[in-house]
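Visitor: Just a sequence and a predicted model for now, questions to come.
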Amino acid sequence: MTIPLSAKTLTASAAALLLATGFTVGGTVPSASPAHAAKVDYPISSSASDAQIEMGFLGSHETGRFDESAAEITAVHGDTVFTVNAQAATVDVIDASDPTNPQKVAEITGTGVANSISIREDGLGVIALEDKDKTHPGTVMFFDANDPEADILGEVPVGSLPDMVTVTPDGSHALVANEGEPADDFSTDPEGSVSVIDLPAEVAAPSDSDAHTADFHEFEDGGAKTLPEDVRIVGPTPEEDLPISRNLEPEYITVAGDKAYATLQEANAIAVVDIASASVEEILPLGLKDHGQAGNGLDASDRDPEDAPTVNITEYEGLKGAYMPDTISTFTSGGTDYLVTANEGDSREWGDFVDAARVKDLGEDGLAAVCETSPLADKLGEADLGRLNIITDLGLNDAGDCYEELVAFGARSFSVWTTDGKLVADSGDEFEKLTAEAVPEFFNSNHSESNLEGCSDDKGPEPEALTIGQVGERTYAFVGFERIGGVAAFDLSDPSAPKFATYFNNRDFSVSVEDEIEDVSDPAALLSSAGDLGPEGITFLGADESPTGGAALVVGNEVSGTTSLYSVADLANGGDDGDDENAGTDEDAGADQDAGADDNANEDAQADAASESDTGSSADSAADGTGADGAESDSDSNTGAGSDSATSSNADSGIDTEAASDASASDAGSSADGSEASSDADGEPLPRTGADLGEYLILGGIAVGIIALGAAAFLLARRRS
């Protein structure tokens, strides 16, 4: 997979010059607040030179709630968006008929915690609700999405902590991932399971007897089915019975044919569920990603060197990654079904049990040390792997007294799999490379505050949200990065070699909300100026479903509490993205040029953050990136959108056997006055940031002309006087 960036750029120095003279695109003068809620002045946008799509900002609904999971999973019915407000146990009902100005019109209220939503084509809505005590059984609540009041139709009990719900593509079943997390003190650990609910043909609630449970009992010791050795089972067993069933925690579900595929994130596996019989047929272990293989590097330290972190994406022989996917989705190409996973990673930290440790702490506090014979033995300093969080129960030698290899949480990638768990393609280290190019000064930033490399020692960009959609004749995976933010799109025309298309991030990094929110008089305005933080769920809308008449994304952002709509312009079809003529076009890349009404808030700060660094990098990026020690598969793209967006393509599915990725990104360097930005001498461009330099130069020329005319008129007037 390669990531060539387009040549259209906006440098920080050009932006600063225009801001100093009071000019913006469209000729407006900066004002104190943005015209459109939650849109930043210069969204980050970078694309491959041959990209066939481009994303742009349309509009956003804001809750004004910071870091309270006030906007997570989304679903759409007609022109109405339904967004899970988790901690409030509500679903916000948002009118998006005007996608540039979505408005909340109602809410659906339940009890406990709302986790997920899905809507059948005819308007039968399903909401997953965990109990106030998450270890108790939860419920799914049914409602009529056709009704302006979204009347509640009924409830059905399900397993503990129902974390995700989806309706099968044929509308006959609702499937619920009952995660069954342990109590916070690990005093109890409920079973994980998948609920299969038979749905009525009409918009009505099923009865309790229509709910069936696919459990993991047959995989217990002595059961009829064998648990593969590489399925990770770890942690205390506060109950004596069913140690495997209580340990497995379904996270997300997708559907292909008559089977459901549920990610078991912490177990690094996928459960295959036969929908008709409501039974788990098999469990597919995902294996490990080899971070020592070319194209599979990572930046493992937030202190490389201390107090002056740099982008340092490196391969390490002996370092592996457990895929541990969150979201999972499906698509069809050449008549073959594929699974797609966002490989986030997740630790288990309940009570006194913690399965994570920094590499520098190995050999202390009862932890085994790294074996002297390990290829990692001389890579344990903070500039290398010392800061990295690793999984403490994996990588030990046979005696269990030292680590032969180390295993990180997640794979910092997305993967394509066959439905029997064979790896077809992995994005390798492309996520970190493309974000290093696009946002060099805030590479691997956290989502609640703006920083450099705050997440390098953890899970990097942390890919979590995922959906699949077809734009024109091509199928794309849209992957959301929970930490640094933004959505990256990859062309899946060849399933064995997904290709980067474009990256869009509606975030103003000059606003560090966590650092500033306690000291401002208007916290909601500060939060709004930061844009979208922490994408949790993405719903894809095809051109025939979108209020714009063109493809679009609906993104729930849990940290900023925003539900945002992004256009997805089909550049192969003249950039058609529906009603918003400008969003996402080649000239605009996400900046709304509608009379320049939007380029007003926080422009000085954004210009400073725009990219004062030397960002040249080379990319020989890998399409294959396999490096797996075993098969892998995981995670859900549906994100509650009601049904999996299975699409088809006639591309070949032959595996690309070679694709090394090698890129370097240099330290951020700025001029003495902090206002200059430059590209490397090799001519590599800075990422596009939402406006064209030529437009600014034209406006600057007009301004100079006006000033010259004014000066001439003044001198003439003096001579006449």
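Guide: Happy to help now that I have it. Keep in mind the model is a prediction, meaning the values are calculated, not measured.

Visitor: Return the distance of stretch 284-304 from the chain's centre.
Guide: 18 Å (Cα atoms, centre = their mean, to the nearest Å).

Visitor: Offset the numbering so it begins at 896, please.
Guide: Got it, first residue is 896 now, which makes that one stretch 1179-1199.

Visitor: Buried by neighbour count: which residues of that stretch qualify?
Guide: Using 16 or more other Cβ atoms under 10 Å as the test for burial, stretch 1179-1199 gives 1179-1199. Glycine gets a C-beta too; all of them are placed from N, C-alpha and C.

Visitor: Is the residue positioned nearest the centre of the chain in a helix, a strand, or coil?
Guide: With distances taken as Cα atoms, centre = their mean, the residue of the chain nearest its centroid is G1375 (1.9 Å). Assigned by DSSP: H, G, I helix; E, B strand; the rest coil, the conformation of G1375 is strand.

Visitor: and it, what pLDDT?
Guide: pLDDT recorded at G1375 is 98.

Visitor: State the number of residues packed around P1052.
Guide: P1052: 14 surrounding residues under other Cβ atoms under 10 Å.

Visitor: Verify the contact between it and T1108 for me.
Guide: No: with contacts defined as Cβ atoms under 8 Å, P1052 does not count as touching T1108, sitting 10.3 Å away.

Visitor: correct me, but D1386 touches K1394?
Guide: Yes: assessed by Cβ under 8 Å, D1386 is found in contact with K1394 at 4.5 Å.

Visitor: Quick check on those two: which one has the bigger neighbour count.
Guide: Neighbour totals were compared for D1386 and K1394, and D1386 leads with 24 against 21 (other Cβ under 10 Å).

Visitor: dump the residue contacts of that one.
Guide: Applying Cβ atoms under 8 Å, 6 or more residues apart in numbering, we find D1386 in contact with Q947, R1369, T1370, Y1371, P1393, K1394, F1395, A1396.

Visitor: Sheet partners, orientation included, of the helix or strand containing the last one?
Guide: A1396 belongs to strand 1394-1400 when assigned by DSSP states H and E. Taking DSSP bridges as the criterion, strand 1394-1400 forms sheet pairs with strand 939-942 (antiparallel), strand 1382-1386 (antiparallel).

Visitor: coming back round to it: tell me the bridge partners for the residue nearest to the centre of the chain.
Guide: A1360, V1382.

Visitor: doesn't L1448 make contact with it?
Guide: No: contact criterion Cβ under 8 Å: G1375 and L1448 do not qualify, at 9.1 Å.

Visitor: Could you pull out the residues contacting both of the two?
Guide: By Cβ under 8 Å, 6+ apart, the residues touching both G1375 and L1448 are V1382, I1433.

Visitor: which other helices and strands contact the strand or helix carrying L1024?
Guide: Under the criterion of DSSP H and E, L1024 resides in strand 1019-1025. Judged by 3 or more Cβ pairs under 8 Å, 6 or more residues apart in numbering; DSSP states H and E, strand 1019-1025 is in contact with strand 1008-1014, strand 1032-1039, strand 1047-1055, strand 1057-1062.

Visitor: Go again with 10 Å.
Guide: With contacts taken as 3 or more Cβ pairs under 10 Å, 6 or more residues apart in numbering; DSSP states H and E, strand 1019-1025 sits against strand 969-972, strand 975-980, strand 985-990, strand 1008-1014, strand 1032-1039, strand 1047-1055, strand 1057-1062, strand 1068-1073.

Visitor: mean confidence for the first one?
Guide: In this model, strand 969-972 has a mean pLDDT of 98.

Visitor: Go through stretch 1288-1298 and flag the buried ones.
Guide: L1289, G1290, L1291, C1297, Y1298.

Visitor: With only the CA atoms kept, save that stretch in CSV.
Guide: Extracted C-alpha coordinates of stretch 1288-1298, given in CSV (Å, rounded to 0.1, in the frame of the first residue of the first chain):
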residue,chain,number,x,y,z
ASP,A,1288,1.2,-13.3,29.8
LEU,A,1289,2.5,-13.6,26.2
GLY,A,1290,6.1,-14.1,24.9
LEU,A,1291,7.6,-16.0,27.8
ASN,A,1292,10.0,-18.9,27.2
ASP,A,1293,8.9,-22.5,28.0
ALA,A,1294,10.1,-22.2,31.6
GLY,A,1295,8.2,-19.0,32.1
ASP,A,1296,11.1,-17.2,33.7
CYS,A,1297,12.0,-14.7,30.9
TYR,A,1298,10.6,-13.1,27.8
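
Visitor: S992 against T975, yeah?
Guide: Yes: taking contacts as Cβ atoms under 10 Å, S992 lies within contact range of T975: 8.3 Å.

Visitor: Pull up the pairing partners for the one helix or strand V1000 maps to, direction included.
Guide: Using DSSP H and E, V1000 sits within strand 998-1004. Sheet pairing for strand 998-1004, assigned by DSSP bridges, gives strand 985-990 (antiparallel).

Visitor: angle of the partner strand against strand 975-980?
Guide: Angle of strand 985-990 versus strand 975-980, following axes from the mean of the first three to the mean of the last three Cα atoms, to 10 degrees, is 150 degrees.

Visitor: what angle do strand 985-990 and strand 1008-1014 make?
Guide: Using the same axes, to 10 degrees: strand 985-990 against strand 1008-1014 is 40 degrees.

Visitor: so for strand 985-990, what's the average pLDDT?
Guide: What strand 985-990 shows for mean pLDDT is 96.

Visitor: for A1109, what are its contacts?
Guide: 1054, 1070-1071, 1073, 1088-1091, 1145, 1155, 1157, 1166, 1168-1170, 1172-1176 (Cβ atoms under 10 Å, 6 or more residues apart in numbering).

Visitor: Give me the subset of those residues that lies in strands.
Guide: Secondary structure from DSSP state E places 1054, 1070-1071, 1073, 1088-1091, 1145, 1155, 1157, 1166, 1168-1169, 1174-1176 of the contacts of A1109 in strands.

Visitor: Sort out which of these are buried, if you could.
Guide: 1054, 1070-1071, 1073, 1088-1091, 1145, 1155, 1157, 1166, 1168, 1174-1175.

Visitor: which non-adjacent residue is nearest A1166?
Guide: Distances taken as Cβ to Cβ, 6 or more residues apart in numbering put A1157 closest to A1166, at 4.5 Å, once the chain neighbours are dropped.

Visitor: and the two most separated of the buried residues of stretch 1288-1298?
Guide: L1289 and C1297 (13.2 Å; Cβ to Cβ).

Visitor: how about low-confidence regions in the stretch 896-1045 of the chain?
Guide: 896-932 (pLDDT under 70).

Visitor: for L1159, what are its contacts?
Guide: Counting by Cβ under 10 Å, 6+ apart, L1159 makes contact with 1072, 1074, 1087, 1111, 1126-1127, 1142-1147, 1165-1166, 1178-1181, 1219-1220, 1529.

Visitor: Please point out which parts of stretch 1231-1248 sit buried.
Guide: Within stretch 1231-1248, the residues that count as buried by 16+ other Cβ under 10 Å are 1232-1243, 1245.

Visitor: before we move on, what SS does E1413 have?
Guide: helix.
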